[in-house]
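Visitor: Fold the following and give me the result.
(one chain, ligands or ions: 1)
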Amino acid sequence: MDGSAPPAAVRTTCPYCGVGCGVLASSRADGTVAIAGDPAHPANFGRLCSKGAALGETLSIRGRVLHPEIGGRRVGWSEALDAVAEGFARTIREYGPDSVAFYVSGQLLTEDYYVANKLIKGFLGTANIDTNSRLCMASSVAGHRRAFGSDTVPGNYQDLDLADLVVLVGSNLAWCHPVLFQRIVAARRSRPDMKVVVIDPRRTTTAEEADFHLALRPGSDAALFNGLLAYLHRAGARNVAFLDRHTVGEGPALTAAAATGSITAVAEACDLPAGDIEAFYQLFSARERAVTVYSQGVNQSSSGTDKVNAIINCHLFTGRIGRPGMGPFSVTGQPNAMGGREVGALANQLAAHMDFSPADLDRVRRFWRAPNLATRPGFKAVDLFRAVGDGRIKAVWIMATNPVVSLPESDSVRAALEACPLVVVSDGSRANETSRYADILLPSLLWSERDGSVTNSERRVSRQRPFRPAPGEARADWWILSQVAARLGFGDAFAYRNAAQIFREHAALSAFENRGERDFDLGGVATLDDGAYARLEPTSWPVRANDRKPVERLFGNGRFFTADGRAALVAVVARSPAHAPDPVFPLVLNTGRVRDQWHTMTRTAIPRLMEHTPEPFVAVHPEDAALLDVAEGDLAHVDSRWGRAALRVRLSPAQRRGEIFVPMHWSWPLAAASAANRTVNPATDPLSGQPELKHTPVRLSRFRAAWQGTILSRMPLELGSLGYSAAIPANDHWTYEIAGEDSLTEVWQHLVSQIGEGSEDRMDVQDSALGRYRSAWFRTGRVEACLFMDSQGELPPRRLLAGFFSSRELSLADRCSLLAGRAAGPVRDEGPMICVCHGVSRKQIDAAIAGGDATVEVLGRNLKAGTNCGSCIPELRQLLLVAKPCEVA
Ligand code: SF4
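Guide: All right, here's what the predicted structure looks like:
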């Protein structure tokens with residue numbers, strides 16, 4: 001401490017998930033940043049999850065894109081912007097406006113999003129702009145619009161505190177939206193009669209905490225909720241006044257629901273015991289204050305929109321919407337998926353929640369003074385990259401997203417970008433694999449440097465505020481877009497000075513000729529001056545100009561944004577997923593997230609967040625594993641008609657038989673052969689265009705590697721193409737787990753030539769008869785790297801090897817011990833890190849439980865485990881349950 005007052009914290013917003021937690025960021029004199037939850041933010045009241053709490057460790061400029069590049073050559077901004085403008089202008093001139101496209105991201109701030117959408121739809125004359133939020137919640141958007149006439153989330157997070165029943169459908173909230181989940185857990189603790197039901201094929205950490213888990217057949221959600229609607233009808237739960245005055249479509253919806261059949265038929269469709277279904281239906285029927293939370297498990301489906309409407313139908317039928325403690329509630333995966341919806345960055349929307357109707361086109365054209373407004377929807381994400389692949393799109397600009405990893409059938413996306421005449425990528429990180437396909441690479445700002453706003457899942461607009469200077473020549477996305485717009489001759493419409501000016505225009509458009517007919521309205525904040533914008537508190541919309549009090553819930557008055565003001569119950573026919581398992585591909589692949597990772601790991605691959613799940617894996621039910629002849633820790637191939645991934649096997653009784661789970665995070669540069677989306681089928685929902693990321697027929701087989709190996713290196717390595725390789729960062733080195741089918745000797749020779757740059761000497765041990773090769777590199781007495789390869793897969797414990805990297809000086813005996821795979825001193829195997837906030841390992845927790853710690857609270861008191869973000873509390877409870885099954889309530 002230097003005795004001076006600590007720097008004031010900057011109030012900003014977490015850049016990861018749609019919970020939208022408020023963050024206090026304080027830059028210290030030594031350049032590090034302290035992160036804390038913002039106690040005044042209504043999304044989190046001071047809480048952060050493990051990812052949010054680790055934000056301060058993700059701010060290194062290593063791996064940043066610092067300067068514009070053309071063809072890998074550093075250039076000035078002027079040259080790069082000229083090249084982008086000239087490339088887009090030439091393409092439009094030769095092939096028309098629909099030959100160009102933008103692919104944008106829920107990571108962008110609303111102001112960036114607004115400018116991108118305005119440029120392409122208003123001035124370039126095409127609606128070929130789509131956002132990666134298409135992969136996350138497009139089915140909810142389509143379902144909302146069918147039911148409500150608008151893309152409106154009716155309630156807010158407070159409803160989770162007030163509900164008597166929370167139903168979580170297709171949502172591992174405990175891992176994917178941890179702060180919201182902890183809010184539910186806290187509400188249930190204070191009101192023990194509150195019930196939590198989880199509907200998910202997997203017994204996730206969320207399901208472990210629930211009162212009731214329905215492990216339904218993947219894809220059968222619509223049958224389950226159709227059955228619920230029919231049950232509610234039979235049970236007399238019809239809200240007569242609400243239905244008669246405020247809805248249409250009840251008859252056809254009930255007829256379609258009845259067609260799903262009896263509870264026994266629903267049980268068969270969902271592969272669940274009829275008694276469990278009836279118990280859930282009774283619970284839902286009896287509890288008026290019911291919130292149904294749903295996310296990717298519902299949305300990422302070829303019938304996602306129908307599933308959303310099947311859920312909404314049950315809430316409309318009972319009038320449980322827009323009042324405290326009740327309603328359907330879509331939670332978004334991305335920090336600003338909602339902002340993208342607001343500005344119209346989906347190909348089938350216009351701007352400010354308007355669409356391509358003649359009236360909306362006329363209104364937006366006049367507001368923007370747009371000479372060349374697109375008049376029809378453009379390509380949605382999967383189709384957009386198909387159009388790149390077949391040459392219909394010849395110039396694409398990708399902003400802040402990684403489609404070569406995140407889209408289904410991702411190898412075809414790679415091929416499409418390879419063939420595309422002009423690929424522009426603006427991003428802050430070189431860890432974005434898509435940047436490798438860029439003809440023009442533009443450095444943009446990342447969190448901590450950005451200035452603008454985001455909207456969370458409950459319609460709350462919060463500010464992201466900068467607290468660090470931009471590195472290198474990185475610039476805001478809105479600035480880059482505006483500069484290109486000016487070069488294309490649209491300077492007057494894009495003469496923005498700052499984010500505040502863009503926000504005012506965006507808010508003014510939302511209020512333009514809006515007398516309450518449109519849900520999205522920021523008119524009450526459309527005239528903020530720059531200072532008021534800088535101080536803007538979290539504000540939920542609509543906030544109308546004539547009544548600046550934000551509206552917390554919508555539809556409580558029974559007024560919807562349809563032509564007749566009534567909500568629509570939609571007749572839903574339960575459909576099977578697009579591709580069914582068959583004898584060649586007999587298993588069902590489900591993809592999703594793990595607790596401490598985010599998207600394609602471009603920001604969260606830091607040592608602390610890698611400790612919980614260091615390697616890409618495939619979760620397999622133990623009985624399936626026995627049939628497939630794979631065991632815990634084996635390597636396996638997952639193959640589909642669309643591609644292959646190599647993964648580490650994890651046995652998991654949480655899986656249903658016949659179904660496997662693979663996290664979607666890993667790909668180049670950490671684990672190039674393990675990208676789940678290489679295998680995922682490209683089927684999409686016909687209305688929303690959202691891909692079916694959670695249901696692909698696959699087969700699983702043991703990866704019979706000719707050898708396995710491990711490398712520990714102080715320097716990160718480029719290993720080239722191997723059958724399997726997973727890079728795991730630690731504080732003082734990287735670990736690489738490798739395996740392959742090629743000749744061990746040849747690969748060893750290749751690797752030896754790649755490793756140990758700058759080292760002074762190398763020691764080798766080779767036994768070609770046994771197929772065992774070991775090498776270590778040293779410099780100034782320290783080990784720089786070591787490589788172990790073995791045809792039998794017999795490798796030393798990694799913790800043992802890691803121990804040598806903390807020694808400053810290794811004696812000859814130490815070096816020999818290293819190569820022999822013997823510890824220089826005692827080695828403690830702590831097992832996986834359970835509480836990453838306080839660094840509490842599995843072994844420490846096991847020991848504490850064995851020593852008498854009997855509750856999560858006692859473990860928290862004695863070890864601090866679970867006392868910060870709470871993300872590990874469900875795992876602590878599981879460890880207690882396994883150790884003391886009769887003592888844990
Ligand atoms: Fe960030 Fe975690 Fe909050 Fe999501 S729940 S916004 S990842 S701190």
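Visitor: contacts, neighbours, all on C-alpha from now
Guide: Will do.
Visitor: Could you tell me which residues of the protein lie near the ligand?
Guide: Residues of the chain lying near the ligand by CA under 6 Å from any ligand atom: 14, 16-21, 48-49, 51-52, 177-179.
Visitor: Columns pLDDT on top of these, output as a markdown table?
Guide: Supplementary listing: these in a markdown table, determined by pLDDT from 0 to 100:
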| residue | pLDDT |
| --- | --- |
| C14 | 97 |
| Y16 | 93 |
| C17 | 94 |
| G18 | 95 |
| V19 | 97 |
| G20 | 97 |
| C21 | 98 |
| L48 | 95 |
| C49 | 93 |
| K51 | 92 |
| G52 | 95 |
| H177 | 95 |
| P178 | 94 |
| V179 | 95 |
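Visitor: now, which of those lie within helices?
Guide: K51, G52, P178, V179 (DSSP state H).
Visitor: okay, the nearest residue to N402 once chain neighbours are set aside: pLDDT?
Guide: Distance criterion CA to CA, 6 or more residues apart in numbering; nearest residue to N402, sequence neighbours excluded, is T434 at 5.3 Å. pLDDT for T434: 96.
Visitor: do E611 as well
Guide: 88.
Visitor: was I right about it contacting P832?
Guide: Yes - between E611 and P832 there is a contact at 6.5 Å, judged by CA atoms under 8 Å.
Visitor: who's more crowded, the two?
Guide: Set E611 next to P832 and count neighbours by other CA atoms under 10 Å: E611 wins out with 22 against 16.
Visitor: if I look at that one, how far off is P874?
Guide: Taking CA to CA, to the nearest Å as the measure, E611 falls 17 Å from P874.
Visitor: how much space between V396 and the ligand?
Guide: Separation of V396 from the ligand (CA to the nearest ligand atom, to the nearest Å) stands at 30 Å.
Visitor: residues near that residue, how many?
Guide: Neighbours of V396 using other CA under 10 Å come to 26.
Visitor: helix/strand/coil for it?
Guide: What DSSP: H, G, I helix; E, B strand; the rest coil gives for V396 is strand.
Visitor: For it, list the residues it contacts.
Guide: Residues in contact with V396, defined by CA atoms under 8 Å, 6 or more residues apart in numbering, are V100, A101, F102, Y103, V388, C420, L422, V423, V424.
Visitor: where do the strands sit along the stretch 751-889 of the chain?
Guide: Along the stretch 751-889 of the chain, counting by DSSP state E, counting those that start in this stretch, strands occupy 761-767, 772-779, 782-790, 833-835, 840-841.
Visitor: now do the stretch 551-700 of the chain
Guide: 567-568, 587-592, 617-620, 635-639, 644-651, 659-663, 696-702.
Visitor: what's the spacing between the residue in the stretch 651-800 of the chain that the ligand sits nearest to and A676?
Guide: The stretch 651-800 of the chain approaches the ligand most closely through H665 (14.7 Å), counting by CA to the nearest ligand atom. H665 sits 8 Å away from A676, going by CA to CA.
Visitor: just to revisit the earlier point, could I get the strands of the stretch 551-700 of the chain as CSV with distance to N239?
Guide: Formatted as CSV, these follow (distance: least, CA to CA, whole Å):
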stretch, distance to N239
strand 567-568, 14
strand 587-592, 37
strand 617-620, 43
strand 635-639, 48
strand 644-651, 47
strand 659-663, 39
strand 696-702, 39
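Visitor: Quick one: closest of those strands to S768.
Guide: Judged by CA to CA, the one of the strands of the stretch 551-700 of the chain that comes nearest to S768 is strand 635-639, at 23.3 Å.
Visitor: For that closest one, what is the distance to the chain centroid?
Guide: On the basis of CA atoms, centre = their mean, to the nearest Å, strand 635-639 sits 24 Å off its chain's mean C-alpha point.
Visitor: what's the average pLDDT for that strand?
Guide: Mean predicted lDDT for strand 635-639 stands at 98.
Visitor: outside of that strand, which residues touch it?
Guide: Residues outside strand 635-639 that contact it (CA under 8 Å, 6+ apart) are 585, 630, 644-649, 679, 698-704.
Visitor: That one: partners in the sheet, and parallel or antiparallel?
Guide: strand 644-651 (antiparallel), strand 696-702 (antiparallel) (DSSP bridges).
Visitor: For stretch 175-191, buried residues please.
Guide: 175-185, 187-188 (16 or more other CA atoms under 10 Å).
Visitor: show me what contacts the nearest residue to G327 once chain neighbours are set aside?
Guide: Among residues not flanking G327 along the chain, I321 sits closest, at 4.2 Å (CA to CA, 6+ apart). Residues near I321 by CA under 8 Å, 6+ apart: P154, G155, H315, G327, P328, F555, G556.
Visitor: So what's the gap between stretch 131-148 and the chain middle?
Guide: Computed by CA atoms, centre = their mean, the chain-centroid distance of stretch 131-148 equals 15 Å.
Visitor: returning to what we had before: need the residues of the chain next to the ligand in JSON lines (columns: distance to K195).
Guide: Output for the residues of the chain next to the ligand, formatted as JSON lines (distance: CA to CA, whole Å):
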{"residue": "C14", "distance to K195": "29"}
{"residue": "Y16", "distance to K195": "28"}
{"residue": "C17", "distance to K195": "25"}
{"residue": "G18", "distance to K195": "24"}
{"residue": "V19", "distance to K195": "22"}
{"residue": "G20", "distance to K195": "25"}
{"residue": "C21", "distance to K195": "25"}
{"residue": "L48", "distance to K195": "24"}
{"residue": "C49", "distance to K195": "23"}
{"residue": "K51", "distance to K195": "28"}
{"residue": "G52", "distance to K195": "28"}
{"residue": "H177", "distance to K195": "19"}
{"residue": "P178", "distance to K195": "18"}
{"residue": "V179", "distance to K195": "18"}
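Visitor: Looking at these, which is nearest S759?
Guide: Lowest distance from S759 to the residues of the chain next to the ligand (CA to CA) belongs to K51, with 35.5 Å.
Visitor: re earlier: would you mind putting the strands of the stretch 551-700 of the chain into JSON lines with mean neighbour count and distance to E278 alongside?
Guide: Shown next, in JSON lines, are these (neighbours: other CA atoms under 10 Å; distance: least, CA to CA, whole Å):
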{"stretch": "strand 567-568", "mean neighbour count": "26", "distance to E278": "26"}
{"stretch": "strand 587-592", "mean neighbour count": "24", "distance to E278": "27"}
{"stretch": "strand 617-620", "mean neighbour count": "26", "distance to E278": "29"}
{"stretch": "strand 635-639", "mean neighbour count": "23", "distance to E278": "37"}
{"stretch": "strand 644-651", "mean neighbour count": "24", "distance to E278": "31"}
{"stretch": "strand 659-663", "mean neighbour count": "24", "distance to E278": "25"}
{"stretch": "strand 696-702", "mean neighbour count": "23", "distance to E278": "30"}
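Visitor: Kindly state the domain boundaries assigned to the chain.
Guide: 10-58, 69-133+336-540, 137-330, 587-702, 707-820, 833-888 (automatic domain parsing).
Visitor: Could I get the contacting residues of the closest residue to T131 other than its chain neighbours?
Guide: Of all residues not flanking T131 in the chain, V104 sits nearest, at 4.5 Å (CA to CA, 6+ apart). Residues in contact with V104 (CA under 8 Å, 6+ apart) are Y113, I129, D130, T131, N132, A345, I398, M399, A400, T401.
Visitor: Let me have the residues you listed in a markdown table, extended by secondary structure, neighbour count and pLDDT.
Guide: Output for those, formatted as a markdown table (DSSP: H, G, I helix; E, B strand; the rest coil; neighbours: other CA atoms under 10 Å; pLDDT from 0 to 100):
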| residue | secondary structure | neighbour count | pLDDT |
| --- | --- | --- | --- |
| Y113 | helix | 27 | 97 |
| I129 | strand | 29 | 98 |
| D130 | strand | 27 | 97 |
| T131 | strand | 28 | 95 |
| N132 | coil | 29 | 93 |
| A345 | coil | 37 | 94 |
| I398 | strand | 24 | 98 |
| M399 | strand | 27 | 97 |
| A400 | coil | 24 | 95 |
| T401 | coil | 26 | 94 |
